[in-house]
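Student: would you be able to build a 3D model of this:
(2 chains)
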Amino acid sequence: MFYPGPLVALVDIGRTISLVIIGGGLLWLFIRALKGKEVDRRVIFLFIFIAVATPILFPITFGEKATRVVKAVYDKIESLPAGSTVIISFDFDPAMAPEVQPMANAITRHCLVKGHKIIFMSLFATGQALLTQTLRDVVETEFPDKKEEVDYVNLGYKAGNEGVLNVIISDFKKMFPTDVNNIPYDSIPALDDVSSCKDVDLIVSIGGGKPGVKEWVLFVGDPGRVPVACGVAAVVAPQMYPYYPKQLLGLLGGIKGAAEYESELIHNYPRFKDVDTPGLRMMGPQTLAHMVIITFILIGNLSFFIKKRKDRQ
Amino acid sequence: MKRTTVLVMVGAIVIFGISWVLKSMSLTSTTDHYIAKGFAITFAAFLTLCIFSFLYKDNPFYKFAEHLFVGVSAAFWMSMGFWSTIVGNLIPRVSETLSNYFKVPYHPESYNPFYFLPVFLGILLLLRLSRKVGWVSRWPLAFIVGTTAGFNFIRYLRSDFIEQVSATFVPLLVDWQGIGHFFSNLSLSSTGQFVAMLSNWVIFFGVLCGIIYFFFSKEHKGVFGGASKIGIWILMITFGASFGYTVMGRISLLVGRITFLFKDWLSLIS
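Tutor: Numbering: from 1, shown residues only, chains lettered A, B, ... in the order given. From the prediction side, this is the model:
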């Protein structure tokens, strides 16, 4: 869990003081708006900073329930028989990591606890380092009994964007003759039954850029009729919705999607109750920041209409 | 340079130095390379604050961080291009000597003389740097554009057109067993018949009205005009949802940076 170290005793006091500051500040701005005075943009930035920083220092958590699109991904992984092969592709860079890495970690946990074999790979050069982070923080720490090359394999990054997908849909070995440890393809037990993407039971692309989810759907999912699920950065989530449910069996959109997945996982597997859940943790700052933004929109509109009325008079 | 600017810069350097020393001291018990790690964390925090400083106003600290990011990114992608494409993909397939030199496994079974074609085109692309023969670089560029277009055409036509059209034709009466059955089982459950039907109606008529809005060969009047108005509302709602998601994404990134500052740099949270 994510408890503030030296501030444990001050959590409630800090939370209350911060909420009073935010509430009082917004009230002050509201009164200024009523008087027709404008607000400097830097004041808005300051409020957003306080709204985001407060729940990080003094955690505020909310319950999450998986929506249908998230549940579809969860149910698919849950319903696959143990020993199924799942590709998890890390198609993101550090800029997207705060949003999508929690999804990658949660899905990795779920696959391993169900006994699935995982093929880790990346279409982003910077994705390999983030993939290593997941292997270190989740696989090696929480599942020490899982063996590399047997229960999971790390194929790493391969340059070529959609060209890579166009090859692996028919021949995996051609594009990945070895894994990242230079072990030949034929000597990796986890890949014994996999000669192409058509042999895997599920593909999960975690990303938000190009190449990413769209390319997986276009170049592998649709032509190979392989089930594809995804976890994407919030910015691109609306562009992915048209593919659901026919071309994408489910999707995790932004940090909300990650939080829902983590919540569902903890609900069904209590052993993960004590693992770090950044998705759920981030929902506190998200909620408070959104409330502040909504209040600013209301104050802005109010100010606009008051000014309009005054001008008419 | 103004005196205030010099003072601010000196102040920033002093604070950076103090922060580095304190961070390194706090890391002595947990890591061997505590001075280097202390520097890395302090420098990352400094750059984060430099970028945030733009919210106040444009300043030299922001410019420094921005230029450093652009420079490092360019260098990173250049070296990644070399190591992943040339050393990772090409050399193991064409040369045993070079494979040994770069310590990558050689795959003689994958050898194909056609691999030299992209090498040749790549060299032609670099001729852009020359004023006299720069025009030759248009040939590989034309090749790239042509192959990309051809490569993507079928995929996009299939997935983004045919499959999407097919996904729009959803049943408007889901699991229909008569009006009596419909009303007697009416519920607002997300898995219920009513919500499923409503969702399909929104998809079908939403797409139809959206397309009508972009159809300019007929005047937007009467029923057609009404559908066009619904179309623009659908578009507005889509843009709103997109904007909402974007805000959520940006806040997540801000949470990531503030967590880094509080946790890794200031050690306020564990």
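
Student: quick one, grab the pLDDT at A:Val226.
Tutor: According to the prediction, A:Val226 has pLDDT 95.

Student: that one against A:Cys197, yeah?
Tutor: Yes: with contact defined as Cβ atoms under 8 Å, A:Val226 reaches A:Cys197; the gap is 5.6 Å. C-betas here are computed from N, CA, C, even on glycine.

Student: and the pLDDT for the residue of the stretch 51-200 of chain A at minimum distance from chain B?
Tutor: Per Cβ to the nearest Cβ, A:Pro98 is where the stretch 51-200 of chain A lies closest to chain B, at 2.9 Å. Listed pLDDT for A:Pro98 reads 91.

Student: hmm, back to that, between A:Val226 and A:Cys197, which has more neighbouring residues?
Tutor: Using other Cβ atoms under 10 Å in any protein chain shown, the more surrounded residue of A:Val226 and A:Cys197 is A:Cys197, with 24 against 20.

Student: surely that one meets A:Phe172?
Tutor: Yes: applying Cβ under 8 Å, one finds A:Cys197 in contact with A:Phe172, separated by 7.0 Å.

Student: pLDDT at B:Ile15, what is it?
Tutor: pLDDT, B:Ile15: 92.

Student: what's around it, how many residues?
Tutor: 13.

Student: quickly find the element holding it.
Tutor: Per DSSP states H and E: B:Ile15 is located in helix B:3-27.

Student: so which bits of that helix are buried?
Tutor: B:16, B:19-20, B:23-24, B:27 (16 or more other Cβ atoms under 10 Å in any protein chain shown).

Student: and that helix, what does it pack against?
Tutor: For helix B:3-27, the elements it packs on are helix B:34-52, helix B:60-80, judged by 3 or more Cβ pairs under 8 Å, 6 or more residues apart in numbering or on different chains; DSSP states H and E.

Student: of all those, which one is nearest chain A?
Tutor: helix B:60-80 (4.4 Å).

Student: so how far is the closest one off the chain centroid?
Tutor: The chain centroid and the centroid of helix B:60-80 are separated by 17 Å, computed with Cα atoms, centre = their mean, to the nearest Å.

Student: one more: stretch A:96-112?
Tutor: 6 Å.

Student: dump it to PDB, keeping only the CA atoms.
Tutor: This file holds the C-alpha atoms of stretch A:96-112, laid out as PDB (Å, rounded to 0.1, in the frame of the first residue of the first chain):
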ATOM      1  CA  MET A  96       2.900   7.500 -21.300                       C
ATOM      2  CA  ALA A  97       4.200   5.200 -18.500                       C
ATOM      3  CA  PRO A  98       2.400   6.800 -15.500                       C
ATOM      4  CA  GLU A  99      -0.900   6.000 -17.200                       C
ATOM      5  CA  VAL A 100      -0.300   2.700 -18.900                       C
ATOM      6  CA  GLN A 101       2.400   0.900 -16.900                       C
ATOM      7  CA  PRO A 102      -0.100   0.200 -14.100                       C
ATOM      8  CA  MET A 103      -2.300  -1.600 -16.700                       C
ATOM      9  CA  ALA A 104       0.700  -3.700 -17.900                       C
ATOM     10  CA  ASN A 105       1.600  -4.600 -14.400                       C
ATOM     11  CA  ALA A 106      -2.000  -5.600 -13.500                       C
ATOM     12  CA  ILE A 107      -2.500  -7.700 -16.600                       C
ATOM     13  CA  THR A 108       0.900  -9.400 -16.100                       C
ATOM     14  CA  ARG A 109      -0.100 -10.300 -12.600                       C
ATOM     15  CA  HIS A 110      -3.400 -11.700 -13.700                       C
ATOM     16  CA  CYS A 111      -1.800 -13.800 -16.500                       C
ATOM     17  CA  LEU A 112       0.800 -15.200 -14.200                       C
END
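
Student: quick one: buried residues of that stretch?
Tutor: A:96-112.

Student: just the ones of the residues you listed in strands?
Tutor: Counting by DSSP state E, no part of the buried residues of stretch A:96-112 is found in strands.

Student: what about residue 79, how many neighbours?
Tutor: Going with chain A. 9.

Student: chain B was what I was after
Tutor: Neighbour count of B:Ser79, defined by other Cβ under 10 Å: 11.

Student: surely A:Val100 and A:Ser205 touch.
Tutor: No: judged on Cβ under 8 Å, A:Val100 makes no contact with A:Ser205 at a distance of 10.2 Å.

Student: quick one: common contacting residues for the two?
Tutor: Contact criterion Cβ atoms under 8 Å, 6 or more residues apart in numbering or on different chains; residues shared by A:Val100 and A:Ser205: A:Gly231.

Student: average model confidence for the one helix or strand B:Arg155 maps to?
Tutor: Using DSSP H and E, B:Arg155 falls within helix B:138-156. For helix B:138-156, the mean pLDDT works out to 92.

Student: can you show me the CA trace of that helix as PDB?
Tutor: In PDB, the C-alpha atoms belonging to helix B:138-156 read as follows (Å, rounded to 0.1, in the frame of the first residue of the first chain):
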ATOM      1  CA  ARG B 138      13.700  11.800 -53.600                       C
ATOM      2  CA  TRP B 139      14.000   8.300 -55.100                       C
ATOM      3  CA  PRO B 140      14.200   6.400 -51.800                       C
ATOM      4  CA  LEU B 141      11.600   8.900 -50.400                       C
ATOM      5  CA  ALA B 142       9.200   8.000 -53.300                       C
ATOM      6  CA  PHE B 143       9.900   4.300 -52.600                       C
ATOM      7  CA  ILE B 144       9.000   4.800 -48.900                       C
ATOM      8  CA  VAL B 145       5.800   6.700 -49.700                       C
ATOM      9  CA  GLY B 146       4.800   4.200 -52.300                       C
ATOM     10  CA  THR B 147       5.500   1.000 -50.300                       C
ATOM     11  CA  THR B 148       3.800   2.500 -47.100                       C
ATOM     12  CA  ALA B 149       0.700   3.400 -49.100                       C
ATOM     13  CA  GLY B 150       0.500   0.000 -50.800                       C
ATOM     14  CA  PHE B 151       1.300  -1.700 -47.500                       C
ATOM     15  CA  ASN B 152      -1.400   0.000 -45.600                       C
ATOM     16  CA  PHE B 153      -4.100   0.300 -48.200                       C
ATOM     17  CA  ILE B 154      -5.500  -3.200 -47.900                       C
ATOM     18  CA  ARG B 155      -5.300  -3.200 -44.100                       C
ATOM     19  CA  TYR B 156      -7.000   0.100 -43.700                       C
END
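
Student: what residues does it touch?
Tutor: A:162-163, A:166, A:218-219, A:222-223, B:121-122, B:124-125.

Student: of these, which is the nearest to A:Gln286?
Tutor: Proximity of those to A:Gln286, judged by Cβ to Cβ, is greatest for A:Leu218, which lies at 31.2 Å.

Student: would you mind listing where the stretch 151-270 of chain B has pLDDT under the threshold?
Tutor: Scanning the stretch 151-270 of chain B for pLDDT under 70 picks out nothing.

Student: in stretch A:38-46, which residues are buried?
Tutor: Those would be A:39, A:44, for stretch A:38-46 by 16+ other Cβ under 10 Å.

Student: stretch A:257-277 too?
Tutor: A:257-266, A:272, A:275, A:277.

Student: and which of these is nearest chain B?
Tutor: Lowest distance from chain B to these (Cβ to the nearest Cβ) belongs to A:Ala258, with 9.0 Å.

Student: please name the nearest non-neighbouring residue to that closest one.
Tutor: Leaving aside its sequence neighbours, A:Ala258 sits nearest to A:Gly279 (Cβ to Cβ, 6 or more residues apart in numbering or on different chains; 3.3 Å).

Student: tell me the contacts of that neighbour?
Tutor: A:Gly279 touches A:102-103, A:106, A:255, A:257-262, counting by Cβ under 8 Å, 6+ apart.

Student: residues near the closest residue to B:Lys263 other than its chain neighbours, how many?
Tutor: Spatially, and ignoring its direct neighbours in sequence, B:Lys263 is nearest to B:Ile269 (5.1 Å; Cβ to Cβ, 6+ apart). By the criterion of other Cβ under 10 Å, B:Ile269 has 18 neighbours.
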